[in-house]
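Participant: Need coordinates for the below:
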Amino acid sequence: MSATIHLPESDFTEASGVFALLAVLWAKEVDLKTLNLMSQQPFAKTWKQAGGKLPGKATPEWVESLAVDYCQLLIGPKNHASPVQSIWDQSRYEGEASASMSKYMELIDGFEPCVAIPDHVAVQLQYAGVLMGMADQSKRKLIQGLATAFARDHLAWTADLFERIEAQAETDFYRGLASLSHRYLFSK
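Facilitator: As a prediction, this is how the structure comes out:
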């Protein structure tokens, strides 16, 4: 399956924002402040319509259950789904995907990855968001071509990641986030 970065014909701002939000949510456990912001209208309604799940009211207990789920899903100690492309592709850290991501990141002056591992799904989604922002500013075919190549090289693997997380998630939040991420990348 190949990933598709949705390239709107005129407005790339929405795509840039969606990728940036997904990057934040996959980078680390969600905190109470973020959940409270997400639970406010009109965002909460839009998030739920897109397939995301939120509590009626974010509580410290709910944040703790999400942290536990995030850890069992993405960190381990066993049967987790690694959020790192090199692990999926080559069963090791700092593989070809890591080197390739580093080269992509060098193309954008000042790009600061949200996670220290270059081929982490959060960094890849963050990078896609930056590309969409650049496409919005320039409308240049070169940026659109770069976005398409980037999706091929660094987002196609996420289909398996998101499917596995959706199947293993113990909370509706991460099940919904995986489903939403998968649909956003792989549906038209």
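
Participant: State the helix or strand in which A81 lies.
Facilitator: Taking DSSP states H and E as the definition, one finds A81 inside no helix or strand.

Participant: pLDDT score for it?
Facilitator: A81 carries a pLDDT score of 94 in this model.

Participant: Report how many residues lie close to it.
Facilitator: Neighbour count of A81, defined by other CB atoms under 10 Å: 22. Where C-beta positions appear, they are placed from N, C-alpha and C, glycine not excepted.

Participant: and the spatially closest residue to it that is not a sequence neighbour, how far is that from I117?
Facilitator: Nearest residue to A81, sequence neighbours excluded (CB to CB, 6 or more residues apart in numbering): R164, at 4.4 Å. As judged by CB to CB, to the nearest Å, R164 and I117 stand 18 Å apart.

Participant: and if you look at L131?
Facilitator: From L131 to I117 the distance is 19 Å (CB to CB).

Participant: Next, the contact list for A122, please.
Facilitator: Residues near A122 by CB atoms under 8 Å, 6 or more residues apart in numbering: A23, V24, W26, A27, K28, P83, C114, V115.

Participant: C71 contacts S65, correct?
Facilitator: No. Using CB atoms under 8 Å, C71 makes no contact with S65, being 11.0 Å away.

Participant: mind checking pLDDT for the residue lying closest to L177 once chain neighbours are set aside?
Facilitator: In space, and not counting its chain neighbours, L177 is closest to L25: 5.8 Å by CB to CB, 6+ apart. Listed pLDDT for L25 reads 97.

Participant: Report the next helix or strand after the host helix or strand of L25 in sequence order.
Facilitator: With elements taken from DSSP H and E, the one containing L25 is helix 13-27. Following helix 13-27 in sequence order, the next helix or strand is helix 32-38 (DSSP H and E).

Participant: And the closest residue to K57 other than its chain neighbours, how close does it get to W62?
Facilitator: Distances taken as CB to CB, 6+ apart place S39 nearest to K57, at 7.0 Å, with adjacent residues excluded. Separation of S39 from W62 (CB to CB): 10 Å.

Participant: Tell me where the longest helix sits in the chain.
Facilitator: Assignment by DSSP state H gives helix 121-138 as the longest helix of the chain.

Participant: Cool, thanks, talk later.
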